[in-house]
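> sequence first, then the predicted structure, then my questions.
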Amino acid sequence: MSLAEMGLTQHDSLTAAQAAASEAASASGGRVFTCVVFQQGGRLMLTTAFSYAFLVKHVVSEPAAKGGNPRMATNRPVDTGHVRTIAKYLTENEGDYILPPVTLNVRAVPAIHIPRGNFAMTAGFVVIGDETHFSITDGQHRLLAISKRSDNLPDDSTFMSDSISVVIVVEPDLARIHQDFADAAQTKQIPASLLAAFNTREPLNRVLTKIVDGSRFFRGRIDETSKSLSKNSPSAFLLNQVRGLVKELLFHDYALSEASIPARSMQVIGTNEAQDAFVERTLAMLTTLTEHMPPWNAIAELPTSGGPANQVVDFRKHYINMTATGLVIIGHVAYEIEKNPDTAWRQARYIDLATKIDWRRDAEMWQGNIITGDKITTTRGPGRVAAKLVMEALGLKPHEPTIPIQFGTDVQVP
């Protein structure tokens, strides 16, 4: 079916189409939007951009009630926490943010004027009157967050004049609208390592990438895109595994929930000065470990690609400190060492950590806690037991601070 057969009004030229749309808008009190008109899956669609002020007025959210029948409503139940998260993101980054396009639905074909021709896709002009309302196919929480943000704007804010790209589907059937929502939700979750590499708005991720790039051992040996590390990968770690080490160094807890990280990060490394100080001290630790700890010292001498780099695969089979659990143990112990402001003392303890601890998998220290049979556990409890044994072997006494360690200042928690 051509666009002309789908109820659109054709004109001899694009200029004539624009003039006709403007005349119709003047007569009806509507507004003209330039759009691209096309077909997808046998249905008429158009794409344009709406200002936030226009969206709040013309887009209707019809969420199902939790515990009710979702088939009787246009949209799924609202996740209020998700709305708050997006609104908070918009508030904190009003001068530097991005919102992906939303998909809207309209039940009847609006007045669309296009140039004459047998086009599969064409520019056109859509007339939208005050009586026209759209429902949401995909993007309900983004639009509700915009509305929520609009309630708390300062007088000089231009936020509501910002716009968002929209795709409009002409579809009268509620069941098909629901199917469109399900089809639009067929997305693949971003691997944690890739998200950590890209989301440098978060201070933790900013210091993470600087640590990886600045470390002789990590640089070129970290897989920053995969969800899991294959058994035969020459990479030493996933970026998300190194992030676990950094979380231990900062918060003493690699499993700290992602929702808690922004606030905790601001406490500990909320300034550029604090971030630089943390990176400097972490790189000093990694340099000492890389110089003295097997097999890191051997791997640091290898190229990052080619046949010799595949020795990493064998090292991973035989050493605890070549696993995510080993990184967490190192981070947990290093958190305690970092409490001491004496640089020489800290370096001596890291040399002890590198040389006095037997990091081989078959060492007695690991048996019955993180090693059970032939497998290494990744759960917190056994890891804490192993970290405590390492502390005892080094003569360190764990002491929980009452406030976070503050990097970039002269004050350190004793």
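It's in.
> look up how far residue 278 lies from residue 338.
Relative to residue 278, residue 338 is positioned 9 Å away (CB to CB, to the nearest Å). Any C-beta I mention is one placed from the backbone N, CA and C, and that applies to glycine too.
> now do the shared contacts for these two.
Common contact partners of residue 338 and residue 278 (CB atoms under 8 Å, 6 or more residues apart in numbering): residue 249.
> quickly find the element holding the residue most central in space within the chain.
Nearest to the geometric centre of the chain sits residue 195, at 4.5 Å (CA atoms, centre = their mean). If you go by DSSP states H and E, residue 195 is part of helix 192-198.
> so what touches the longest helix anywhere in the chain?
Longest helix in the chain, counting residues (DSSP state H): helix 272-292. Identification of contacts with helix 272-292 by CB under 8 Å, 6+ apart yields 203, 206-207, 210-211, 214-218, 246, 249-250, 268-269, 296-297, 300, 330, 334, 337-338, 343, 346-347, 350-351, 353-355, 406-409.
> switch the cut-off to 7 Å
203, 206-207, 210-211, 214-217, 249, 269, 296-297, 300, 334, 338, 347, 350-351, 353-355, 406-408 (CB atoms under 7 Å, 6 or more residues apart in numbering).
> which of these count as buried?
203, 206-207, 210-211, 215-217, 249, 269, 296, 300, 334, 338, 350, 353-354, 406-408 (16 or more other CB atoms under 10 Å).
> just checking, which of these belong to strands?
Here DSSP state E is the test, and the buried ones among the contacts of helix 272-292 give no hits in strands at all.
> ok, residue 102 - contacts?
136, 138, 139, 142, 143, 164, 166.
> between these, which sits nearest residue 14?
residue 166 (21.4 Å; CB to CB).
> ok, what's across the strand from that closest one?
Assessed by DSSP bridges, residue 166 has beta-bridge partners residue 48, residue 102.
> how many neighbours does it have?
For residue 166, the count of nearby residues is 22 (other CB atoms under 10 Å).
> i'd like the first residue to be 53 from this point on
Sounds good: first residue 53 from here, last item residue 218.
> gap between it and residue 104?
11 Å.
> any idea how far residue 98 is from residue 84?
For residue 84, the distance to residue 98 - CB to CB - is 13 Å.
> do the same with residue 76
Separation of residue 76 from residue 98 (CB to CB): 16 Å.
> who has more neighbours, the two?
Neighbour totals were compared for residue 76 and residue 98, and residue 98 leads with 22 against 17 (other CB under 10 Å).
> so the more buried one: helix, strand or coil?
strand (DSSP: H, G, I helix; E, B strand; the rest coil).
> show the contacting residues for it.
With contact set as CB under 7 Å, 6+ apart, residue 98 has these partners: 87, 88, 89, 164, 178, 220.
> tell me how many other residues surround the nearest residue to the second one once chain neighbours are set aside.
Distances taken as CB to CB, 6 or more residues apart in numbering put residue 99 closest to residue 88, at 5.1 Å, once the chain neighbours are dropped. The burial metric for residue 99, expressed as a neighbour count using other CB under 10 Å, is 14.
> can you pull the contacts of residue 91?
Listed by CB under 7 Å, 6+ apart, the contact set of residue 91 reads 97, 172.
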